[in-house]
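Asker: need a 3D model of the following:
(4 chains)
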Number of protein chains: 2
Amino acid sequence: MRLSLMQKTIQKRTLKTRAKLIAASEEVIAKGGYEALRVEEVVQAAGVAKGTFFAHFRDKDALMEILIGEKLNACLTQAEGHGTPKTVPDLIEALEPVHQFMTSERYVFDLIIRYSGAAAVAEIGPIAYCFERYFRLVEAWMQTVDTRTDITPELLAEGVQAFAIQSMSLKYCALHSAQSFSDRLETYLKAWLTPAA
Amino acid sequence: MRLSLMQKTIQKRTLKTRAKLIAASEEVIAKGGYEALRVEEVVQAAGVAKGTFFAHFRDKDALMEILIGEKLNACLTQAEGHGTPKTVPDLIEALEPVHQFMTSERYVFDLIIRYSGAAAVAEIGPIAYCFERYFRLVEAWMQTVDTRTDITPELLAEGVQAFAIQSMSLKYCALHSAQSFSDRLETYLKAWLTPAA
DNA sequence: ATGCTAAAATGACCGCGGTCAATAATAAAT
DNA sequence: ATTTATTATTGACCGCGGTCATTTTAGCAT
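Answerer: Sure, this is the predicted structure:
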């Protein structure tokens, strides 16, 4: 007999259904992008009922967090493989895949920003995890790039993140479309990492 | 007879209906906050049909932009009245009403971020306008605060904005709740405005 | 006053995310 | 193999934002 405090056993079919849902979602997204995804379309493609979807994911955003988080992680892995950058342009180039994906769709950018923070320490979501990973990566790089030394690498990295987000935001702002994303970020980071006065 | 190219005349009742809708919205928000606002509740309180709402506002977000933009403008006016700040803590104090309102509700913060950029130069929305105003205000202050001089006040102001947003974001992140909003922003701004190396 | 036309208001309707009581399938115990 | 307790699935249903063909009203011309 099972003890009352035992954790609920997960049936094999649960994993299969979940995999079907994820696969169907990726199919739908490959066809029309993230924004156009409809839960009804996903469950139809997966061959399950609508209620099943919400038994596997808290809501539509939770699925998006997983899918976008996966992609983001792949981009971060790619960035890590770039080799430690030595200059600001090099740093920007190394992070390019990440920034590229984050601004691939307005919907994606907004969702990432919305879930970039962990609502509770206990349950850090996929995207919050990616932000932490981005931060740690840049922090490590800060010791190889030739920067100012009056503040900690941690603070330097937080600043890089802040300026990267600012630059991405301005990509969607018609008032500041004179400069390209890379140029703007370069201006910011030079001023942040190597101040002259 | 009216000419075909004449602009459509606006009837008096249009203004009255719009005013009723705005007033009803403010009432509803005063009761339960921005997030809990339901269009159905607003139109019921205003005594009009649902379709009327959407004849006056493109969508629910458009109404929110107007209402939140109004509040933001009031906060900015208050900030302007504070007198030109001379130190970083003073700068933070001067901007406090603005930051306070922006983080009064998670829903409000997300909406502000989402509409902070003007989608098209032609149609700059209320919130994008406030961002521009915030930026100009800080830019002007940059000439009185004792800062580094190697970069333009414009760039300095953009950085202040970026760090303010970063600090507000982290307010909603349980992983970084050790520091308070003001302390974190102060750390950022000191490093940004008065680098030591 | 009356007729006419453009503007404004209406509410039934739709799309889509999300819920939940009922039902089916699974795995363990006998 | 049968029973039983638990987990997974189902689909009718709801809430709420948004649409649009139809109706009502305002304002001008006669």
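Asker: please count neighbours and contacts with C-alpha atoms only from this point.
Answerer: Noted.
Asker: pretty sure A:Tyr107 sits against A:Gly33.
Answerer: No: contact criterion C-alpha atoms under 8 Å: A:Tyr107 and A:Gly33 do not qualify, at 9.5 Å.
Asker: break chain A into its domains for me.
Answerer: Residue ranges for the domains of chain A, per automatic domain parsing: A:11-57, A:60-193.
Asker: is the longest one anywhere near chain B?
Answerer: Yes: when contact is scored as C-alpha under 8 Å from any C-alpha of the partner chain, part of domain A:60-193 falls within range of chain B: A:110, A:114, A:116-121, A:148-151, A:155, A:159, A:162-163, A:165-166, A:169-170, A:172-175, A:188, A:191-192.
Asker: which of those count as buried?
Answerer: Among the residues of domain A:60-193 next to chain B, the ones that count as buried by 16 or more other C-alpha atoms under 10 Å in any protein chain shown are A:110, A:114, A:116-119, A:148, A:155, A:159, A:162-163, A:165-166, A:169-170, A:172-175, A:188, A:191-192.
Asker: where does chain A dip in pLDDT?
Answerer: For chain A, the stretches flagged by pLDDT under 70 are A:1-7.
Asker: how about the residues of it by DNA strand C?
Answerer: A:1-2, A:11-13, A:37-40, A:50-52, A:54, A:58-61 (C-alpha under 7 Å from any atom of the strand).
Asker: tell me which entries of those lie within helices.
Answerer: Judged by DSSP state H, the residues of chain A next to DNA strand C include A:12-13, A:39-40, A:50-52, A:54, A:60-61 as members of helices.
Asker: by neighbour count, which of these wins?
Answerer: Neighbour counts for these (other C-alpha atoms under 10 Å in any protein chain shown) peak at A:Val39, which has 18 neighbours.
Asker: may I have the phi/psi pair for A:Thr9?
Answerer: Dihedral pair for A:Thr9: phi -80, psi 140, per degrees, to the nearest 10.
Asker: count the neighbours of it for me.
Answerer: A:Thr9 has 6 neighbours, counted by other C-alpha under 10 Å.
Asker: from the middle of its chain, how far away would whichever strand or helix holds A:Leu156 be?
Answerer: Element membership for A:Leu156, per DSSP states H and E: helix A:153-171. Here helix A:153-171 is found 14 Å from its chain centre; the criterion is C-alpha atoms, centre = their mean, to the nearest Å.
Asker: secondary structure class for A:Leu21?
Answerer: helix (DSSP: H, G, I helix; E, B strand; the rest coil).
Asker: mind listing what it touches?
Answerer: A:42-43, A:46, A:53 (C-alpha atoms under 8 Å, 6 or more residues apart in numbering or on different chains).
Asker: same question for A:Glu154.
Answerer: Listed by C-alpha under 8 Å, 6+ apart, the contact set of A:Glu154 reads A:Glu139.
Asker: so how far is DNA strand D from it?
Answerer: 40 Å (C-alpha to the nearest atom of the strand, to the nearest Å).
Asker: one more: A:Leu95?
Answerer: On the measure of C-alpha to the nearest atom of the strand, A:Leu95 and DNA strand D end up 34 Å apart.
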